[in-house]
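> Sharing a sequence plus its predicted fold:
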Amino acid sequence: MFGDLFEEDFSFLSTNHCGKGKKSKPRGSEPPAPRDFSNLSGLKNQGGTCYLNSLLQTLLFTPEFRGNALFLLGPEELGTLGDSSKPDAKVRIIPLQLQRLFAQLLLLDQQAASTTDLTESFGWNSHEEMRQHDVQELNRILFSALETSLVGTSGHDLINRLYHGIVVNQIVCKECKNISERQEDFLDLTVAVKGVAGLEEALWNMYVEEEYFENENLYRCGACDKLVEASKSAKLRKLPPFLTFSLLRFNFDFEKCERYKETSCYTFPIRVNLRPFCEQTEMDDSEYMYELFSVIIHKGGCYGGHYHVYIRDVDELGNWQLQEEEQKLVEDKASRDPQNAKEMENPLVMLKGILAEEESPQIPLHQLRQKLLEKKGVSWNKKYRKQHGVLRKFLQNHPQIFQFSPDENKVGLKEKHKRPFQSDSEGQGLQSPPQENDVHWHSEKAPPRLKDSSAGRHWFDLNDSKVQPIKEKDIEKQFQGKESAYMLFYRKSQLKRPPEARGNPRYQIPEHLLNEMDAANAELQKKRVECDSANNGIDLHLHLSSCYTFHNGALHPLLSWKESVVDLTIDRRKTLGDLRQAVFQMLESWEGDMVLSIAKPLPAGLHLYQMLDGDELTLDGIGLADGADIFVWNGKEVGGTKVMTGPDHEPVVVNVLRLAEYNEGGKGQHFMESQHVFSCSTKLADLHRALAPSGGIILKNTSGPEREAKNWEVFLGEDLKATVKSVGLTDGCSILILDSHDQSFVNVASGNLTAFTYDISWLQVKNFCRTGDEEKHVKITATVETVMSDIKMKAIRELQLEEELAKDSCLRPVGGSGKLLSPVPEDYTVKEAELKMGSLLGLCPGKAPTSTQLFLYFLVGSDPSASPEMEIVVEETASVKE
């Protein structure tokens, strides 16, 4: 059964993005992948259409079906697809879609074509319709649908002309010698597999061995009008040009009541002589000789599996040469001919050979590098650069051979070094005499012509969208096992192809389809260029020195950042020389030397790193990433100020802290803080002189923003010889300057702070207990770890209140509107109470709730505005009634 034949296949979708740093683009917007090394196109699997794909590829590689029949039917007989929606138009959709699919497979530069339009033309667009047919009948269903659609055209007998044969069954009476004859037409022959060694034995059993009617099994003769002994036999009366065999791999086990697949060894020949199986045997042997050209293979069991096909490329349209064999041939030739090997190692010979293959007069330089890599398996830089220099300069040093485009991005051979196309190994067509340093390469567009036994026997494995060359002997692997031959296709050996068809996929394709495919290829190429540009384009931010000034250790824009930067998009495969030329063209007024340096925005400003050098190197090769900042300058100074570059001169922004007196209106910050910029190569002694000219101690914060005492370390005398970078000072680091009167905080022997912890600051406490000075408030020094009970006791003492008040008082934050908020539990720290330094607290009568109690507000009465707000403290576990 077809099963999920038309279930949509989403395996082609990907989450890849087009280009680093670019916005994500849906995979569907990218063009399909081009053909691979084989130069043949596969077919997409719609979700279970592998068997259909195998059949269609077999028909495609039947040139007599493709060119001598299908492509001969023009629009005057078939109509056009553009008219299919017109009610009165006579449009034969099936052959038109098949023509179009074949044209795509032959000419469209894509890895795999879609069969959706064709299957819809057959009306196969639902699971239900497909379940009505057995999968073994698909070949006949295809032929029947095509035959029906061609009624009334010159192609009405296309199927019969190529595939129709006749079997005659005869019964001979032993008494009267009367012959009873029955003729059967066939488009394919079904042969047994079980208990048979191979195809020839199966044919012998079918068309040579006779069946006898005797003893109790007699035959009633029409002439004798009685039961008689007789013999029964069958012969092939008419042989078609193309003979198809269906192998009965699937059988039914009546004992187990289940289907099974016959996986025993079943051989079949590459060439077969059918004379012994034919009724007429007096003709020449060539009339009976057939050659295998397609093997459909089933992998799996009787309830499911996968189909692919081995096909012989009769017209040699694909690049069959196996890559490993090609390398072996080159190595063997080199070992036999050292002089030729030496020539092939010559880079001049290599490059001429590659460019001579190209159809285009010139190709991009990066493409030449890639083709050299494919041919030699090693890049120019690794193989030749040390001896011959960079590729661009090498080409420029041979102007008598190579010619550059005006922008010097493309290169080709000069006219006198180009070789006319050699049409085949027999020497037909033009040939140029061999020139010095010439080497002959196999073109990917024109497959190699081998003169050995494999000539003309180019086999490919077409597995849905994947196509790869195979050897003829690989067919033997499909004689048996779970992956084995399922259908065999033979063609008459007499069928010869015209020379002009060899290696020519455009042969016999109608003009309108050629135009359509040419236009489609042009559109594909355009989309690939656009996608290639998106994949390889990088955005660079050019910072112009004329828009910058150097001060405080870094570069700063004279205007806004946006006005000081010019954006440039360029292909990452371009060279540094190309980038320099592009910048020159953008800055027409630039005079003098131009130096491009990698820049990086730092907290201190823009800093410059290495100067970009090596104009022949690609931007990708020097590691230039998308979004990189490039500074354009003269390499010496900016605005008359010398600029130090490189990682050793990176500017570092340091937070400098000094102890400060409490600020009445401030936010409680205990330090005065300022920012200073130093080069990372600055000695600490110089930093010390700059920040503490009158003497003092410098301490470094070793763990970020928490300014706990244990996190501060003193820079000792020996540290002053070190640099800012070597002692670990980086952007945002804090250092503390303690003048001589502050040094009591430091235990110089241990090098640590002793007098304060964390960020020492203060809280305000206001008296709301109505005793003593009413509403007097004081500042209480605290840290985030100070416990609230300690703050309360300090406040009572500062307010000069009775210490007994501590038993019946609590601290309550004062809100922005002056309202007293919920009391803070006394066992909480400032941090746990979520109090900010500088906050105002009220010292109020009443006890603070414990950590297991709740402080609630409530109103009595129905009018909230007339009722006073009251407070209560309850246990968390208390019920509502309580």
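Sure, I can see it. Numbering: from 1, shown residues only.

> Let me see the confidence value for the residue nearest to residue 733 when sequence neighbours are not counted.
Leaving aside its chain neighbours, residue 733 sits nearest to residue 654 (5.8 Å; criterion: CB to CB, 6 or more residues apart in numbering). C-beta here means a position set from N, CA and C on the backbone, and glycine is covered the same way. Looking at residue 654, its pLDDT is 89.

> Same check on the one 10 residues further on?
If you check residue 664, the pLDDT there is 41.

> what's the distance between the residue nearest to residue 733 and residue 553?
The spacing between residue 654 and residue 553, counted by CB to CB, to the nearest Å, is 11 Å.

> again, but for residue 727
18 Å.

> Which one's more surrounded, those two?
More crowded of residue 727 and residue 553, by other CB atoms under 10 Å: residue 553, with 21 against 15.

> residue ranges with poor pLDDT in the stretch 751-882 of the chain?
Low-confidence segments of the stretch 751-882 of the chain (pLDDT under 70): 751-761, 771-775.

> Would you tell me which strand is longest in this structure?
strand 289-301 (DSSP state E).

> Centre of the chain to that one, how far?
34 Å (CA atoms, centre = their mean, to the nearest Å).

> Let me see the contact set for the closest residue to residue 289 other than its chain neighbours.
Taking CB to CB, 6+ apart, and ignoring the residues beside it in sequence, residue 289 has residue 493 as its nearest neighbour in space, at 4.0 Å. Counting by CB atoms under 8 Å, 6 or more residues apart in numbering, residue 493 makes contact with 271, 286, 289-291.

> which SS class is residue 203?
helix (DSSP: H, G, I helix; E, B strand; the rest coil).

> Give the closest residue to it in space, chain neighbours not counted.
residue 277 (5.1 Å).

> cool, and residue 797?
residue 803 (7.5 Å).

> and that neighbour, how many neighbours does it have?
Residue 803, neighbours per other CB under 10 Å, totals 9.

> Could you measure from it over to residue 156?
Distance of residue 803 to residue 156, computed by CB to CB: 119 Å.

> same deal with residue 735?
Distance from residue 735 to residue 156, by CB to CB: 96 Å.

> which one of these two has more residues nearby?
residue 735 (20 against 14).

> The more buried one: what secondary structure?
Assignment for residue 735 (three-state DSSP): strand.

> List the residues that contact the residue nearest to residue 797.
Neighbours of residue 803 in contact, by CB under 8 Å, 6+ apart: 793, 796-797.

> Just the buried subset of the residues you listed, please.
Among the contacts of residue 803, those classed as buried by 16 or more other CB atoms under 10 Å are 793, 796.

> other SSEs contacting the longest helix that the chain contains?
Ordering each helix of the chain by length in residues (DSSP state H) puts helix 511-536 first. Applying 3 or more CB pairs under 8 Å, 6 or more residues apart in numbering; DSSP states H and E, we find helix 511-536 packed against helix 93-107.

> after the helix it packs on, next one along is what?
Later in the chain than helix 93-107, the nearest helix or strand by DSSP states H and E is strand 112-113.

> next one: that next one to chain centre, how far?
18 Å.

> If we go by neighbour counts, what in the helix or strand that comes right after that strand is buried?
Heading C-terminal from strand 112-113, the first helix or strand you meet, by DSSP H and E, is helix 116-121. Residues of helix 116-121 classed as buried: 116-119, 121 (neighbour count, 16+ other CB under 10 Å).

> Outside of helix 116-121 itself, list whatever touches it.
By CB under 8 Å, 6+ apart, helix 116-121 touches 6, 46, 49, 52, 56, 93-94, 96-98, 100-101, 125.

> a markdown table please, covering the contacts of residue 493 and showing distance to residue 714, neighbour count and pLDDT.
Below are these laid out as a markdown table (distance: CB to CB, whole Å; neighbours: other CB atoms under 10 Å; pLDDT from 0 to 100):
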| residue | distance to residue 714 | neighbour count | pLDDT |
| --- | --- | --- | --- |
| 271 | 96 | 10 | 95 |
| 286 | 105 | 10 | 89 |
| 289 | 101 | 16 | 95 |
| 290 | 98 | 23 | 96 |
| 291 | 94 | 18 | 96 |
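
> sorry, back to before: just the buried residues of the longest strand of the chain, please?
289-299.

> ok, those vs residue 212, which is closest?
residue 290 (30.2 Å; CB to CB).

> Settle this for me: the closest one is touching residue 492, isn't it.
Yes. The pair residue 290 / residue 492 is scored as a contact, 5.9 Å apart, by CB atoms under 8 Å.

> Now for these two: what residues contact both?
Residues touching both residue 290 and residue 492 (CB under 8 Å, 6+ apart): none.

> tell me the mean pLDDT over the longest helix of the chain?
The model assigns helix 511-536 a mean pLDDT of 90.

> after it comes which helix or strand?
Immediately after helix 511-536, counting by DSSP H and E, sits strand 537-544.

> Pairing partners for that next one, with directions?
strand 565-571 (antiparallel), strand 629-633 (parallel) (DSSP bridges).

> and the strand or helix carrying residue 810, which strands flank it?
Residue 810 is part of strand 809-813, with elements assigned from DSSP H and E. Using DSSP bridges, strand 809-813 pairs in its sheet with strand 840-845 (antiparallel).

> Just give me how far the partner strand sits from the chain centre.
Worked out by CA atoms, centre = their mean, strand 840-845 lies 66 Å from the chain centre.

> helix or strand right after it?
Following strand 840-845 in sequence, per DSSP H and E, is strand 853-858.

> For that next one, C-alpha coordinates in CSV please.
Output in CSV follows, covering the C-alpha atoms of strand 853-858 (Å, rounded to 0.1, in the frame of the first residue of the first chain):
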residue,chain,number,x,y,z
GLN,A,853,3.6,37.8,64.4
LEU,A,854,1.6,40.0,62.1
PHE,A,855,1.0,43.8,62.4
LEU,A,856,-2.4,44.7,61.1
TYR,A,857,-4.4,47.9,60.6
PHE,A,858,-8.2,47.9,61.0
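
> Tell me the strands beside it, with direction?
When DSSP bridges is applied, strand 853-858 pairs with strand 870-875 (antiparallel).

> what residues are up against residue 211?
231-233.

> what about 10 Å?
Contact analysis of residue 211 by CB atoms under 10 Å, 6 or more residues apart in numbering lists 171, 217, 230-234.

> Enumerate the beta-bridge partners assigned to it.
Beta-bridge partners of residue 211, as defined by DSSP bridges: residue 232.
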